[in-house]
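1. coords please:
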Amino acid sequence: KMVLRMYGARQVSEAEAPELVQMVRTLAQRAGLPMPKVFIIEQDQPNAFATGRNPENGVVAVTTGIMRILSREELEGVIAHELAHIRNRDILVATVAAAIAGAISYLAQIAQWGLIFGAGRDDEEGGNPLAALVMMIVAPIAALLVQMAISRVREFGADRGGAAIAGNPQYLASALKKLHMASQRIPLAANPATSHLFIVNPLAGGGMAKLFSTHPPIEERIARLQNLARH
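-> Below you'll find the model as predicted:
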């Protein structure tokens, strides 16, 4: 709910958005899921995400931008991907991963304070300052890598599951190509802590930003989907 508030998402009924809500219902039935709540975010950047701790509390949120640029089939591919996240309980997994990352970062802070307040003591009492320094540097990187690894694996899983729900991997492959290009051009004021939820990273960037992205490279995701379509 906090994430939905953060992006000003509003829940829509079938009367307000008949095509979208009917599409979600059809795909949810195909996926064997209860009907999730449907939200729209007034944002030009085409993007989407799912949230909810379990399938009974599932939410699918799409931006107005995504409904403008995607074909019906491409939008089906995106919604099927989000439903796969709900079915796989990826939001719960991401929450646990964030908690682990937070615990690792907390240990780094303890090491930092130990280094500051233990600086005046000798080695007998103050422990090993070098070990504390290494902990301070390594722990935040380790925390980030844990989150990245889990998030990337779950993205590939949702791509694969979504392709099966939609019935054609090319729908999502085509959508990802469009969404990636648009995310480079149209900014979205996204909180980095929630960027992993979106179908494509809303915080566009290359170089180091790409290296430390919570999303797998878009080219690899498309290649895997196209490979699925061939087999």
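2. Please give the element, helix or strand, for Ser60.
-> Rather than Ser, residue 60 is Val. strand 59-63 (DSSP states H and E).
3. helices and strands around the helix or strand just after that strand, which ones?
-> The element immediately downstream of strand 59-63 (helix or strand, assigned by DSSP H and E) is helix 64-69. Helices and strands touching helix 64-69, by 3 or more CB pairs under 8 Å, 6 or more residues apart in numbering; DSSP states H and E, are strand 37-41, helix 72-87, helix 169-185. Placement of C-beta: from N, CA and C, glycine included.
4. Take these and lay them out in a markdown table including mean pLDDT.
-> Conversion of the helices and strands packed on helix 64-69 to a markdown table gives the following (pLDDT from 0 to 100):
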| stretch | mean pLDDT |
| --- | --- |
| strand 37-41 | 98 |
| helix 72-87 | 98 |
| helix 169-185 | 95 |
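5. Select, out of those, the one closest to Asn201.
-> Ranking these by proximity to Asn201 (CB to CB) places helix 169-185 first, at 6.9 Å.
6. tell me the angle that closest one makes with helix 72-87.
-> 90 degrees (axes from the mean of the first three to the mean of the last three CA atoms, to 10 degrees).
7. For helix 169-185, list every residue counted as buried.
-> Of the residues in helix 169-185, those buried under the neighbour-count criterion (16 or more other CB atoms under 10 Å) are 169-176, 178-180, 182-183.
8. same thing with stretch 48-63?
-> For stretch 48-63, by 16+ other CB under 10 Å, it's 48-52, 55, 58-63.
9. So which other helices or strands are in contact with the helix or strand harbouring Leu133?
-> Element membership for Leu133, per DSSP H and E: helix 129-166. If you count contacts as 3+ CB pairs under 8 Å, 6+ apart, helix 129-166 packs onto helix 18-31, helix 72-87, helix 90-117, helix 169-185, helix 218-230.
10. Might you calculate how far it sits from the centre of the chain?
-> The chain centroid and the centroid of helix 129-166 are separated by 11 Å under CA atoms, centre = their mean, to the nearest Å.
11. Report the buried residues of it.
-> Those would be 132, 135-136, 139-140, 142-143, 147-148, 150-152, 154-155, 157-163, 165-166, for helix 129-166 by 16+ other CB under 10 Å.
12. One more: stretch 75-95?
-> 75-87, 89-91, 93-94.
13. how many other residues sit next to Gln43?
-> 21 (other CB atoms under 10 Å).
14. Which residue is the nearest non-sequential neighbour of it?
-> Nearest residue to Gln43, sequence neighbours excluded (CB to CB, 6 or more residues apart in numbering): Thr63, at 4.1 Å.
15. Give the bridge partners for that neighbour, please.
-> Ile41 (DSSP bridges).
16. Surely it and Phe39 touch.
-> No: using CB atoms under 8 Å, Thr63 is not in contact with Phe39, being 10.0 Å away.
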